[in-house]
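Student: 3D model of this:
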Amino acid sequence: MVCRSESFLDVLRRLLIIGIRAVSCNRLEPAVKRRLLIILALILVAAAGCTTRGAEEGRTVLNYTRWGNPAELDSTRELMAEFMQENPDIIVRVDVVSWQEYWQKMATATLTGTAQDVWLLSPAYTEQYAAAGHLMDLMPFIEADETFDVDDYFPLAFDDFSYTGEGLDMRPVPFGEGALYAFTRDYNFGLLYYNKDHFDAAGVDYPTEDWTWDDLVEAAKELTKDFNGNGIVDQWGAYGIDYTALVAASGGRTIDVENRRGNFVPRDDCSLVYDAIQFCHDLIHVHGVSPSPSIQLEGDAFVTGKASMTMAGVWHIRNFNRSKSLWDIASVPLKSKDTERMRVPGGVAHGIYSRTRHPDEAWRLVKFLSDETSQRELARSGTSVPVLKSAVYSDDFLAPFDRPAESSYEILYDNMIVTAHRPRFIRGYLEFTREARQQLQQVWLGYLTPMEGCRRMDSTIDRIVAEQYGGRP
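Tutor: Model prediction:
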């Protein structure tokens, strides 16, 4: 049986999702559930009978999916057109959905055996899908590929997707010491963005590489302004300061990966995560330089000029270039002058579905997405930093943008150079970070103390991790 229309498979997937939800409903009678299961089995047979080879064209059809917005759908299709021109024996069908929809879709697709051949993968989900047998080990492809040279990519770029062991015993290892379940596409990190116009007007020195948390506070005090004296802040010194970026830059981790537990409550003379949360809390409630979540700011506060500093991923460069103000970048401040800076970039990657019928063709697509053509396109986009050195060091890097200044690119380059492998992800990572945002919102609002919030966070992490690993340490 050959499916000649892409929409046919889409219909089958929608029917499967509806059926699975219905079967899981506890209110259904057993007899009804049995009939639904029979229908689901018939749908699965139909899906299994569909080949991804376009028989009428004699070319291999690969299905590729990623998360993104409509603009990224258009750019991805253009990129796939270039790939197909280079590989005339392959057709690539593209599916781009929102981040929120993506993981629900992938959970259903892997459960029903209908996942796309190649898909974009977050390091937070790699272990989960690899342990379940849904991802192909890419090391055999790499070992057989004479053109692959790990030195072409930034240091330790593949480590977040490298594991050894199976099932509940999987553990992260440096690249080359285990299986590689996805091939890295980009290498992003957090930055401090600052409005140079605001700094100049207030006579405040720009942030430097050795800036500390205290330096950020002092600058934010000078930059927080009530211009008309009506008691309402018109310009906030700081906005969206990310405690996780503060922790990472100063050498900490919110998760103790080796022991599979949270690091929020101070222990063993280490209190970095707690200190960072206390610091962000105090920006709002002690220093009054950052708005509470209860204050509604119209639009993006940094873009509109309502905030002088913010902390965000490097992928915000495109968005922040909408600002009418002159701005620049700096590295995330350190906790103190004697803190050694830790550089912790990380990115997303492309994996190959373990049940694909076309592994060799899928590998060609995966490799293309991290090779010169696509990486230079990524360099121009302002949405991510490529993982390929030649693309980052090329004239294409951020070419369409006038900010940040080229003199600041060295900050970007420096943040890419990593010297030590530091595992950061375990199963359930996205689930407990989602809950973290909700619980820490109560801290930012002042309803919980930082210590109460940290205790709740560790309790949440321990519960979710125990569910993920069946109570195993």
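
Student: what about stretch 186-194, distance to the chain center?
Tutor: Counting by C-alpha atoms, centre = their mean, to the nearest Å, stretch 186-194 is centred 12 Å from the centre of its parent chain.

Student: which SS state does Ile329 fall under?
Tutor: Three-state secondary structure (criterion: DSSP: H, G, I helix; E, B strand; the rest coil) places Ile329 in strand.

Student: residues contacting it?
Tutor: Ile329 makes contact with Leu191, Leu192, Tyr193, Tyr194, Pro404, Ser408, Ile411, Leu412 under the criterion C-beta atoms under 8 Å, 6 or more residues apart in numbering. For every residue, glycine as well, the C-beta is placed using N, CA and C.

Student: can you do 10 Å?
Tutor: When contacts are counted by C-beta atoms under 10 Å, 6 or more residues apart in numbering, Ile329 touches 191-194, 207, 312, 314, 317, 320, 403-405, 408-409, 411-412, 415.

Student: These, buried ones only, as a PyMOL selection?
Tutor: The following PyMOL line selects those of the contacts of Ile329 that are buried, judged by 16 or more other C-beta atoms under 10 Å:
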select buried, resi 191+192+193+194+207+312+314+317+320+403+404+411+412+415
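
Student: Counting only strands, which of the contacts of Ile329 make the cut?
Tutor: Judged by DSSP state E, strands contain the following of these: Leu191, Leu192, Tyr193, Tyr194, Ala312.

Student: Please tabulate those residues in JSON lines, including the columns pLDDT and distance to Ile461.
Tutor: What follows is the ones in strands among the contacts of Ile329, written out as JSON lines (pLDDT from 0 to 100; distance: C-beta to C-beta, whole Å):
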{"residue": "Leu191", "pLDDT": "97", "distance to Ile461": "26"}
{"residue": "Leu192", "pLDDT": "98", "distance to Ile461": "27"}
{"residue": "Tyr193", "pLDDT": "98", "distance to Ile461": "29"}
{"residue": "Tyr194", "pLDDT": "98", "distance to Ile461": "32"}
{"residue": "Ala312", "pLDDT": "96", "distance to Ile461": "24"}
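
Student: From those, pick the one nearest Leu448.
Tutor: Comparing those against Leu448 with C-beta to C-beta picks out Ala312 as the nearest, at 24.7 Å.

Student: Please save the CA atoms from stretch 204-218 in CSV.
Tutor: C-alpha atoms of stretch 204-218 as CSV (Å, rounded to 0.1, in the frame of the first residue of the first chain):
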residue,chain,number,x,y,z
VAL,A,204,27.1,54.5,34.2
ASP,A,205,30.0,52.5,33.0
TYR,A,206,29.2,49.6,30.6
PRO,A,207,29.4,46.0,32.0
THR,A,208,32.7,44.3,31.8
GLU,A,209,33.9,40.7,31.9
ASP,A,210,34.7,40.8,35.6
TRP,A,211,31.3,42.3,36.6
THR,A,212,29.8,40.7,39.7
TRP,A,213,26.2,40.5,41.0
ASP,A,214,26.9,43.5,43.2
ASP,A,215,28.0,45.5,40.2
LEU,A,216,24.8,44.6,38.5
VAL,A,217,22.8,45.9,41.5
GLU,A,218,24.7,49.1,41.7
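
Student: The ones in strands among the contacts of Ile329 into JSON lines, with extra columns for distance to Gln438?
Tutor: Shown next, in JSON lines, are the ones in strands among the contacts of Ile329 (distance: C-beta to C-beta, whole Å):
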{"residue": "Leu191", "distance to Gln438": "25"}
{"residue": "Leu192", "distance to Gln438": "26"}
{"residue": "Tyr193", "distance to Gln438": "26"}
{"residue": "Tyr194", "distance to Gln438": "29"}
{"residue": "Ala312", "distance to Gln438": "20"}
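
Student: Could you identify the most distant pair in these?
Tutor: Top of the distance list for the ones in strands among the contacts of Ile329 (C-beta to C-beta): Tyr194 and Ala312, 11.5 Å.

Student: so what sits against both of the two?
Tutor: Shared contacts of Tyr194 and Ala312 (C-beta under 10 Å, 6+ apart): Phe302, Ile329.

Student: Count the residues that sit near Arg253.
Tutor: By the criterion of other C-beta atoms under 10 Å, Arg253 has 19 neighbours.

Student: Where do the helices of the stretch 151-300 of the chain begin and end?
Tutor: For the stretch 151-300 of the chain, the helices defined by DSSP state H, counting those that start in this stretch occupy 196-202, 213-223, 243-249, 272-285.

Student: again with the stretch 351-473 of the chain
Tutor: Assigned by DSSP H, counting those that start in this stretch, the stretch 351-473 of the chain shows helices spanning 359-368, 372-381, 389-392, 409-416, 429-444, 450-469.

Student: taking the mean pLDDT, what do you get for the last one?
Tutor: In other words, helix 450-469. The pLDDT scores in helix 450-469 average 93.

Student: how far does that helix sit from the chain's center?
Tutor: With C-alpha atoms, centre = their mean, you get 21 Å for helix 450-469.

Student: ok, for Trp67, nearest residue in space, not its chain neighbours?
Tutor: Nearest non-adjacent residue to Trp67, counting by C-beta to C-beta, 6 or more residues apart in numbering: Tyr102, 4.0 Å away.

Student: now this protein, which segments are flagged as low pLDDT?
Tutor: Per-residue confidence for the chain (pLDDT under 70) gives these ranges: 1-57, 269, 471-473.

Student: one step back: between the helices of the stretch 151-300 of the chain, which gets nearest to Val332?
Tutor: Between Val332 and these, the tightest spacing by C-beta to C-beta is seen for helix 243-249, at 4.0 Å.

Student: just the CA coordinates of the closest one, formatted as PDB?
Tutor: Output of helix 243-249 as PDB, limited to C-alpha atoms (Å, rounded to 0.1, in the frame of the first residue of the first chain):
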ATOM      1  CA  TYR A 243      18.900  32.800  38.100                       C
ATOM      2  CA  THR A 244      19.800  29.700  36.100                       C
ATOM      3  CA  ALA A 245      22.200  31.700  34.000                       C
ATOM      4  CA  LEU A 246      23.800  33.300  37.100                       C
ATOM      5  CA  VAL A 247      24.200  29.800  38.600                       C
ATOM      6  CA  ALA A 248      25.800  28.300  35.400                       C
ATOM      7  CA  ALA A 249      28.200  31.200  34.900                       C
END
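
Student: The residue nearest to Trp67: neighbour count?
Tutor: Tyr102: 20 neighbours (other C-beta under 10 Å).

Student: Quick check: it vs Tyr125, distance?
Tutor: To Tyr125, Tyr102 is 10 Å away according to C-beta to C-beta, to the nearest Å.

Student: on that earlier part again, could you pull up the residues touching the residue nearest to Trp67?
Tutor: Contacts of Tyr102 (C-beta under 10 Å, 6+ apart): Thr65, Arg66, Trp67, Gly68, Asp95, Val96, Trp119, Leu120, Ser122, Tyr125.

Student: Same check on Gly165?
Tutor: Glu127, Ala130, Ala131, Arg171, Pro172, Val173, Gly178, Ala179.

Student: Likewise for Ser162?
Tutor: 126, 138-139, 156, 172-182, 421, 423.

Student: before we move on, back to that, closest to Asp395 out of the helices of the stretch 151-300 of the chain?
Tutor: Shortest distance between Asp395 and the helices of the stretch 151-300 of the chain, using C-beta to C-beta, is found for helix 196-202: 24.3 Å.

Student: pretty sure Trp327 contacts Phe320?
Tutor: Yes. The pair Trp327 and Phe320 qualifies as a contact (C-beta atoms under 10 Å) at a distance of 6.4 Å.
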